[in-house]
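**Student:** sequence first, then the predicted structure, then my questions.
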Amino acid sequence: MEAAGRGIVAAIIRRWAPRPVLIACGPGNNGGDGFVCARLLQEAGWPVSVGLHGDALSLSGDAEEMARRWDGDIRAFIALEPVDGALVIDALFGAGLARPLDESLAGQLRALAEAASAVVAVDLPSGLSGDGIAGLQAPYLASLTVSFHTYKPAHLLEPGASQCGEVELVDIGIPSGWSDEIKPVSRLNHPDIWGRGLPQPASGAHKHARGRMIAFSGGAASTGAARLAAEAGLSAGAGLVTLASPPDALAENAAHLTAVMLRAWTAPYEAEQIIDQIQADACVIGPAAGLGAKTRQAVETVLTSRAACVLDADALSSFEGHARQLFEHLRPGDVLTPHLGEFRRIFPGIIEKAANKIEAVLQASQIAGCTVLLKGPDTVIAAPDQLPVVNRHATAWLATAGSGDVLAGLIAGLMAQGVPGYLAAQMGCWLHGEAARQLGPALGAEALCDQIRPVIAARLRAEERQSALEKLLLS
């Protein structure tokens, strides 16, 4: 508790100059952290006022000891008056809450926050559940949340993540071996969790050895989405990428493509034959494919082929009301990349019944028997019998037409090079987000495709530097 308080105060002093501080302490250990903050900030010369929710006589254990060490006044929390420009520290409840805040407490927190220059939450803004339970929200937006040891689901899942503001983790001395007793529910997506898995060509490789990918195009008026997916697959490093195009769209697609090959595709049942002819290792189907029975037939056909498949957009929505039919054909190496609406169409009721998004996507992957990537600012990637991954490495500039098509093609391009679907989804999602971050306001789907190559090149250089450093240390 002392370490937690010191970490919170250090984070505050790094960011703000001294000013009046209002600290809301709860009746448990979160409140104990607040009392440590009060003592240390007062020692540093900050004017501090403390408000306690509950009776000081009911405090026990470490929280009681930290309250005893605080030699200032303790008011009732509800009696704390807002101070313009103050710093508010919310140490009321933290991560343990599992029900909505009482309205009087929520109203008081809101009033204090509205007058404050900044609000710092201890562990979590009060009102949120650490498990990211849907429907629970805090009555304010924190400027900073200081938590301990590792992230909790609410730090990463919306809407809680947006209410936390910046999140800083503090080491409070939890000993190694903790994960033997407390299993994590997910991991945060980052290159560190992939190892050195990004594919690169071997010496003497040729284009066919680098993997063959195919994307299936919609009709003449709906060609752009599949072209983006095909271009993204090429940017991901696939050696040969083909766009299967209906005859009425051949001219339109040919006018926009250079390095991507074209094949005529006249009927849904021909998809497997085309895949076999070009010996495709991975395929993308769904972007602007059209809704209905023809798309369902095409999907079922590609799922009987040799290629691992990424299913996106219309390839998913076409199975609304026919989801069991889709699940019967899916294989462990396939990847589904729905947004929330598409997810609800093929997994009805799961989002509403699950405790949080991580649990929902894990359940969906178990039903589908393959990797499911549910897109959003808090993208969740899950596969049966695997620890889910949450991706926060992205930007709101991705909210533009075509960015999802690029992601589907990027994942398929990695799969074509032999990366397993679950790992390809993690890699593709992070690389997609990194390219978007680098582009910022300049982001458009075409620019996003172009940015993938330098992002991959930078990651490969980073891996080479790390390998060289490890060899040097070993020598």
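**Tutor:** That came through fine. Numbers count the residues shown, from 1 in each chain.
**Student:** okay, Gly54: pLDDT?
**Tutor:** For Gly54, the model assigns a pLDDT of 88.
**Student:** ok, it - contacts?
**Tutor:** 26-27 (Cβ atoms under 8 Å, 6 or more residues apart in numbering). For the C-beta atoms, the positions are set from N, CA and C on the backbone; glycine is no exception.
**Student:** how much space between it and Gly26?
**Tutor:** According to Cβ to Cβ, to the nearest Å, Gly54 and Gly26 sit 7 Å apart.
**Student:** now name the helix or strand holding Val167.
**Tutor:** strand 166-170 (DSSP states H and E).
**Student:** just the C-alphas of that strand, formatted as PDB.
**Tutor:** The C-alpha coordinates for strand 166-170 follow below in PDB (Å, rounded to 0.1, in the frame of the first residue of the first chain):
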ATOM      1  CA  GLU A 166      -3.700   7.800 -19.600                       C
ATOM      2  CA  VAL A 167      -3.000   4.600 -17.700                       C
ATOM      3  CA  GLU A 168       0.300   4.200 -15.800                       C
ATOM      4  CA  LEU A 169       1.300   0.900 -14.200                       C
ATOM      5  CA  VAL A 170       3.200   1.000 -10.900                       C
END
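**Student:** quick one: strands adjacent to that strand?
**Tutor:** Strands adjacent to strand 166-170 in the sheet, as given by DSSP bridges, are strand 144-148 (parallel).
**Student:** list the buried residues in the strand it pairs with.
**Tutor:** For strand 144-148, burial by neighbour count (16 or more other Cβ atoms under 10 Å) applies to 144-148.
**Student:** next one: stretch 155-175
**Tutor:** Applying a neighbour-count criterion of 16+ other Cβ under 10 Å, one finds 155-157, 159-161, 163-165, 167-168, 170, 172 buried in stretch 155-175.
**Student:** of these, closest to Gly349?
**Tutor:** For the buried residues of stretch 155-175, the minimum distance to Gly349 (Cβ to Cβ) is 18.9 Å, reached by Leu157.
**Student:** quick check: the closest one vs Leu311, distance?
**Tutor:** Using Cβ to Cβ, one gets 24 Å for the distance from Leu157 to Leu311.
**Student:** again with Val372
**Tutor:** As judged by Cβ to Cβ, Val372 and Leu311 stand 10 Å apart.
**Student:** need the overlap of contacts for these two.
**Tutor:** 335-336.
**Student:** how about the strands of the stretch 151-300 of the chain, start to end?
**Tutor:** 166-170, 187-188, 212-216, 240-245, 261-264, 282-285 (DSSP state E, counting those that start in this stretch).
**Student:** can you list the ones you listed in JSON lines and add distance to Ile12 and mean pLDDT?
**Tutor:** JSON lines is the format used below for those (distance: least, Cβ to Cβ, whole Å; pLDDT from 0 to 100):
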{"stretch": "strand 166-170", "distance to Ile12": "10", "mean pLDDT": "96"}
{"stretch": "strand 187-188", "distance to Ile12": "24", "mean pLDDT": "96"}
{"stretch": "strand 212-216", "distance to Ile12": "50", "mean pLDDT": "98"}
{"stretch": "strand 240-245", "distance to Ile12": "52", "mean pLDDT": "97"}
{"stretch": "strand 261-264", "distance to Ile12": "58", "mean pLDDT": "95"}
{"stretch": "strand 282-285", "distance to Ile12": "48", "mean pLDDT": "98"}
